[in-house]
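Asks: got a predicted structure here, sequence first:
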Amino acid sequence: MSHTFRPRPRTVVGCTLLVIALAEGAIACGSDDNPLAARPYDATDQVSFNGPRRAGEKADPTTPLEITTKDSGDRITDVTAVDASGRHVAGELAADGSRWHSTEPLAADAHYTVRVSTENEDGAPGRRVLTFDTGKPTAKERLTATFGPEAGTYGVGQPLTAELNRPVADPAQRAVVERALRVDSRPSVEGAWHWVDDKKLHYRPKDYWPAHATIRVHSNLDGIKIGDRLWGGATKDLELTIGDRVIAVTDAASHTLTLFRNGEQVKQVPVTTGKPGFETRNGVKVVLGKEYFVRMRGTTVGIAEGSAESYDLPVYYATRVTWSGEYVHAAPWSVGSQGYANVSHGCTGMSTANAAWFFANVREGDVVQVVNSYGHTMETFGNGFGDWNIDWTKWRAGSALTTGRHKPAQEPSRLRPAAV
């Protein structure tokens, strides 16, 4: 793209038409005594550019081309930059004519011809023709991904995560990234990535993973051009396996927790869940981790110290299901209510023996589903893995490879210990 500015007003003898030439042989009309009738002079001393300085040196195509005047009395009036294939480079000229710079990237391994038109303080036109070659990009921004969770064995509800080192907001660039993130499962399952925000994606199958599946996550981003100045970098592969199909169903109305393994009921135990005002979240949650001992304080979930609801308790066999402090854990102080009433501050409590059994029979990624609670539904993102609370159609709408749109959710700002 070229930009032409009107020359300064001035008195001209014999002709009022000024032609600023970009090609050899273009002249202005008028008498031989008119200095503007001459061909544009060599403006080498008027302008400089940030291209190669030595013969054989090549320009970095990721660096914008910049042409500037050397003297405050001179100005650039027009710049045309084109490569050997005829592609023009868009640019922007400063209002005072002191600087022109490209506004789009140069091509790699290309030959460029740049024609610069100028005028000096007397209004005389000048011209400089620059040629240079570009090399391969040397200052690449690399986009990489870190896959999660860590290698190991997980339950059938475990989503996969991809954390990008740079944000990607443009839909077209997201599609390039998503196509390059491959998930292979044996046996094969239907699944999709879902953009949580500009830097994080989650992957889950349409249904839970098959028991004993083997999963490999791989990135083909390395060397792929994602944007004008953004290329993909190398990412470490991830391999993990899936264990038995373990699903625990907590019924807040019947005050029971029933554990199923591979479709068979293994055990049902009496429990207590959140009382009014502290109701346990409904919906599907995923085991995030197991902690033999946790000190739980009411202040960590917003309960004022010294109030009627305040607590500070040592808790054992604690299986975490949210980052905000919801656990399945031993609650010996509420055994009399377990199986009969909901008296906790949001957690699922059971006897120490039953909690120890549950602790020993679940792993990260196993499913814990709460039904018939008056609490709200588990958050989709940001407080653990609520991924399974989105139906498949809406989940796929969060993919950059579909026409759907998804509003990113916020990640949690900090880890909070617990609510008993």
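Replies: Noted; the coordinates are in hand. Residues are numbered from 1 along each chain as shown.
Asks: isn't E66 up against W100?
Replies: Yes: E66 lies in contact with W100 (CB atoms under 8 Å); the separation is 7.3 Å. C-beta coordinates here come from the backbone N, C-alpha and C atoms, glycine included.
Asks: what about those two, which has more around it?
Replies: A side-by-side neighbour count of E66 and W100, using other CB atoms under 10 Å, places W100 first with 26 against 14.
Asks: pull the contacting residues for the more buried one.
Replies: Going by CB atoms under 8 Å, 6 or more residues apart in numbering, W100 touches H3, E66, I67, T68, I76, V79, G91, E92, L93, A94, V116.
Asks: try it again at 7 Å.
Replies: Listed by CB atoms under 7 Å, 6 or more residues apart in numbering, the contact partners of W100 are I67, I76, V79, G91, E92, L93.
Asks: give the pairing partners of whichever helix or strand it is part of; include direction for each.
Replies: Secondary structure from DSSP states H and E places W100 in strand 99-102. Using DSSP bridges, strand 99-102 pairs in its sheet with strand 66-69 (antiparallel), strand 91-93 (antiparallel).
Asks: one step back: highest neighbour count among the contacts of W100?
Replies: V79 (28 neighbours).
Asks: tell me what the closest residue to it other than its chain neighbours is bridged to.
Replies: Nearest residue to V79 in three dimensions, chain neighbours excluded: W100, at 4.5 Å (CB to CB, 6 or more residues apart in numbering). Beta-bridge partners of W100, counted by DSSP bridges, are I67, L93.
Asks: residue numbering should commence at 10 henceforth.
Replies: Noted, 10 is the first residue going forward, which turns the last one into W109.
Asks: all strands for the stretch 110-259 of the chain, in order.
Replies: Assigned by DSSP state E, counting those that start in this stretch, the strands in the stretch 110-259 of the chain fall at 120-128, 134-142, 150-152, 154-157, 162-163, 169-173, 190-195, 200-204, 209-214, 223-228, 234-236, 239-241, 247-251, 255-260.
Asks: what about the host helix or strand of T89, average pLDDT?
Replies: Element membership for T89, per DSSP H and E: strand 84-92. For strand 84-92, mean pLDDT is 92.
Asks: only C-alpha atoms, please: export that strand in CSV.
Replies: What follows is strand 84-92, C-alpha atoms only, in CSV (Å, rounded to 0.1, in the frame of the first residue of the first chain):
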residue,chain,number,x,y,z
ARG,A,84,10.1,14.5,4.3
ILE,A,85,8.9,11.2,2.9
THR,A,86,6.0,11.6,0.5
ASP,A,87,5.5,8.0,-0.7
VAL,A,88,6.8,4.5,-0.1
THR,A,89,6.0,1.4,-2.2
ALA,A,90,7.4,-2.0,-1.0
VAL,A,91,6.8,-5.1,-3.2
ASP,A,92,8.4,-8.5,-3.4
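Asks: is the spatially closest residue to A340 that is not a sequence neighbour bridged to anything, and to what?
Replies: Distances taken as CB to CB, 6+ apart put G358 closest to A340, at 2.9 Å, once the chain neighbours are dropped. Beta bridges link G358 to T281, H338, judged by DSSP bridges.
Asks: bridging residues for V88?
Replies: Following DSSP bridges, V88 is listed with bridge partners V125.
Asks: mind checking the end-to-end distance for stretch 376-395?
Replies: End-to-end distance for stretch 376-395, by CA to CA, to the nearest Å: 10 Å.
Asks: go on, stretch 242-260?
Replies: End to end - CA to CA - stretch 242-260 spans 47 Å.
Asks: quick revisit: and G407, which of the strands of the stretch 110-259 of the chain is closest to it?
Replies: strand 200-204 (3.6 Å; CB to CB).
Asks: ok now stretch 392-400, how far from the chain's centre?
Replies: 19 Å (CA atoms, centre = their mean, to the nearest Å).
Asks: name the residues of that stretch that come out as buried.
Replies: Residues N392, G393, F394, G395, D396, W397, N398, I399 are the ones in stretch 392-400 that count as buried (16 or more other CB atoms under 10 Å).
Asks: contact partners for the nearest residue to Y320 once chain neighbours are set aside?
Replies: Leaving out its chain neighbours, the residue that sits closest to Y320 by CB to CB, 6+ apart is G307, at 4.7 Å. Contact analysis of G307 by CB under 7 Å, 6+ apart lists E318, S319, Y320.
Asks: quick revisit: can I assume the residue nearest to A340 is in contact with V337?
Replies: No: the criterion here is CB atoms under 7 Å, and G358 misses it with V337 at 8.1 Å.
Asks: excluding chain neighbours, what is closest to R188?
Replies: Excluding its sequence neighbours, the residue lying closest to R188 (CB to CB, 6+ apart) is L410, at 7.0 Å.
Asks: no no, T386
Replies: G292 (4.3 Å).
Asks: okay, the one you found: pLDDT?
Replies: Reported pLDDT for G292: 97.
Asks: returning to what we had before: turn the contacts of G307 into JSON lines, including secondary structure and pLDDT.
Replies: Shown next, in JSON lines, are the contacts of G307 (DSSP: H, G, I helix; E, B strand; the rest coil; pLDDT from 0 to 100):
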{"residue": "E318", "secondary structure": "coil", "pLDDT": "80"}
{"residue": "S319", "secondary structure": "coil", "pLDDT": "81"}
{"residue": "Y320", "secondary structure": "coil", "pLDDT": "84"}
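Asks: partner residues bridging N291?
Replies: With DSSP bridges as the rule, N291 is bridged to T386.
Asks: and it, how far from V258?
Replies: 12 Å (CB to CB, to the nearest Å).
Asks: picking up where we left off before, let's see the strand holding W109 as CSV, backbone CA atoms only.
Replies: What follows is strand 108-111, C-alpha atoms only, in CSV (Å, rounded to 0.1, in the frame of the first residue of the first chain):
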residue,chain,number,x,y,z
ARG,A,108,8.9,8.0,9.2
TRP,A,109,7.3,5.1,7.3
HIS,A,110,6.9,1.6,8.7
SER,A,111,5.3,-1.6,7.5
